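Engineer: sharing a model prediction with you, sequence too.
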Amino acid sequence: MGAIALRWIPTLCGRVGPSIVLFLVPAILVVRCGEPPRRDAGRESRRIEPSAAPPDESRPIPQGFTHRPPRNAPGLPPPIAPFLSDSEREELASNEVVVSRDAQRRANDELSALIDAFEAHATEGLVAELGERAREHARAGRLRHMSADELYRVFLFPNDPEQATAELRGLLVVLTALVAPHNMTDLADGFKLFEQTPYVHEPVLLATHQELAFVRCRLARPEEQKLRDWQEIHVIGFIEGKDRGDVVMDRCIVL
């Protein structure tokens, strides 16, 4: 296209004059530089895009906050049942459970296949099966379960973020955390209203003990996974590593 455009320039000079041609050439070059689109343009989702419920469905909590609201604030979603019971977590923490790498790999393969199936055909039955199998593997120590804070601390000093990324990239984990609305990243918006209507958060921001740092989860089939602001969730996904202050997870499914 660039070569053809250059061959047109003498003709254009004869018809419209050199000054107009000088105006047209940059426009031709701009069009040429805009092609072709990046291969990964559709896949790239590391940026935090604006996210909110449709205006005709929006039901914001009347009371506004300048930071994370207290858990007992009126209008917030209620807590959910723990992913594992206290006794199950204590047993795992006691280091009495010994799991082979082969058993962990088989559990990872089984759960990955269910995630593949959800991405191909999202159904409630698949999510229920994935949650049931994830709990079974977590109870046996074949799948790691932690809070978003616990995962985030793995990447904090004195730990080396690059080493943590190298060790954990591709690891399948279950996190329990609160869904932070995207307006938490807007420092200019000092008085924040939070939404009661479930909507698509893409990516999902899981709150940590640091107000402006999150575990950022890219959802599998986000249109099928609408969430409320400050909703407590259990979510399974693959760790990618640290990116611009956040820990990133991919192909996440809310259980």
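Structural biologist: Everything's here; your move. Numbers count the residues shown, from 1 in each chain.
Engineer: residues contacting Arg144?
Structural biologist: 138, 171, 173-174 (Cβ atoms under 8 Å, 6 or more residues apart in numbering). To be clear about C-beta, it is placed using only N, CA and C from the backbone, and glycine gets the same treatment.
Engineer: let's see 6 Å
Structural biologist: Neighbouring residues of Arg144 by Cβ atoms under 6 Å, 6 or more residues apart in numbering: Val173.
Engineer: ok, it to Arg71 distance?
Structural biologist: 25 Å (Cβ to Cβ, to the nearest Å).
Engineer: go on, Val154?
Structural biologist: For Val154, the distance to Arg71 - Cβ to Cβ - is 25 Å.
Engineer: who has more neighbours out of these two?
Structural biologist: Val154 (16 against 12; other Cβ atoms under 10 Å).
Engineer: my guess is the more buried one contacts Ala164. True?
Structural biologist: Yes: under the criterion of Cβ atoms under 6 Å, Val154 makes contact with Ala164 at 5.2 Å.
Engineer: what mean pLDDT does the strand or helix carrying Glu167 get?
Structural biologist: Glu167 belongs to helix 161-168 when elements are defined using DSSP states H and E. The average pLDDT within helix 161-168 is 90.
Engineer: and for stretch 112-127?
Structural biologist: Mean predicted confidence for stretch 112-127 is 93.
Engineer: low-confidence ranges in the stretch 101-250 of the chain?
Structural biologist: By pLDDT under 70, the weakly predicted segments of the stretch 101-250 of the chain are 188-190.
Engineer: now the helices for it?
Structural biologist: Applying DSSP state H, counting those that start in this stretch to the stretch 101-250 of the chain gives helices spanning 101-120, 124-139, 148-153, 161-168.
Engineer: mind giving me the packing neighbours of the longest one?
Structural biologist: Using 3 or more Cβ pairs under 6 Å, 6 or more residues apart in numbering; DSSP states H and E as the contact criterion, the secondary-structure elements in contact with helix 101-120 are helix 124-139.
Engineer: the helix it packs on to helix 101-120, inter-axis angle?
Structural biologist: Per axes from the mean of the first three to the mean of the last three Cα atoms, to 10 degrees, the angle that helix 124-139 makes with helix 101-120 is 160 degrees.
Engineer: against which helices or strands is helix 124-139 packed?
Structural biologist: helix 101-120.
Engineer: put together a markdown table for the helices of the stretch 101-250 of the chain, with distance to Gln225 and mean neighbour count on each row.
Structural biologist: A markdown table is the format used below for the helices of the stretch 101-250 of the chain (distance: least, Cβ to Cβ, whole Å; neighbours: other Cβ atoms under 10 Å):
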| stretch | distance to Gln225 | mean neighbour count |
| --- | --- | --- |
| helix 101-120 | 10 | 14 |
| helix 124-139 | 9 | 16 |
| helix 148-153 | 17 | 19 |
| helix 161-168 | 23 | 14 |
